[in-house]
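In: what follows is a protein structure lacking sequence information:
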């Protein structure tokens, strides 16, 4: 009888530790997603100033500027679905890349201190986003591995632990934003 109680206590103790580990991993995924959100909002906040700074120089490139503004709006309203948000941010990155590539054709624009400062801030934001995305994907991989491995997979789904999607970009947006200083 004592052996049965001892085994039952060990199984219960293991269950508590396993559940708490899965909760911790899920919280790490949520915290990493919050960091991506912070960095994306930082980039979103830079865009109006950047567009305003280049608008007077790039009057003939109105469609490019409009594309950046539209992509920013879509990215801001994409919500928390990882795949939808990644696609919207990919479109924004592509639009920014096109705008910065066209900006190289305007010597006065390249000489503007304000535009150079904004480009430096944008480059810094892109680096922060890449780091936050890598951290998020690492957390998701650890979490998904835990809920997909024995013995945790036997109870993880029943307790509400579902696999999470990684923050992946499409091929078009994998190229870095062209920021020339």
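Out: Now that the structure is in, tell me what you want to look at. Just so it is clear, the structure is predicted and the values come from calculations on it, not from any experiment.
In: if you rank every helix and strand of the chain by mean pLDDT, what lands last?
Out: Across the helices and strands of the chain, mean confidence by mean pLDDT, DSSP states H and E is lowest for helix 107-111: a mean of 77.
In: remind me, longest helix of the protein?
Out: Determined from DSSP state H, the single longest helix within the chain is helix 2-55.
In: contacts for the least confident helix or strand of the chain?
Out: Around helix 107-111, the neighbours that count as contacts under Cβ atoms under 8 Å, 6 or more residues apart in numbering are 54, 57, 58, 103, 104, 115, 116, 180. (C-beta placed from N, C-alpha, C; glycine too.)
In: how far does that helix sit from its chain's centre?
Out: Distance of helix 107-111 from the chain centroid (Cα atoms, centre = their mean, to the nearest Å) equals 31 Å.
In: looks like residue 74 contacts residue 91 (just checking).
Out: Yes: checked against Cβ atoms under 8 Å, the pair residue 74 and residue 91 is within contact range at 6.6 Å.
In: filter the contacts of helix 107-111 to the buried ones?
Out: Buried subset of the contacts of helix 107-111 (neighbour count, 16 or more other Cβ atoms under 10 Å): 54, 57, 58, 103, 115, 116.
In: my guess is the fifth one contacts residue 50. True?
Out: It stands for residue 115. Yes: between residue 115 and residue 50 a contact is recorded at 7.5 Å, counting by Cβ under 8 Å.
In: any idea of the pLDDT on residue 148?
Out: If you check residue 148, the pLDDT there is 95.
In: between residue 74 and residue 91, which one's more packed in?
Out: Shown here are residue 74 and residue 91; by other Cβ atoms under 10 Å, residue 91 has more neighbours (21 against 16).
In: how about the helix or strand where the more buried one lies, which residues are buried there?
Out: Using DSSP states H and E, residue 91 falls within helix 82-103. For helix 82-103, the buried set under the neighbour-count rule, 16+ other Cβ under 10 Å, comprises 82, 85-100, 102-103.
In: how far is that helix from where the chain is centred?
Out: Counting by Cα atoms, centre = their mean, helix 82-103 is centred 12 Å from the centre of its parent chain.
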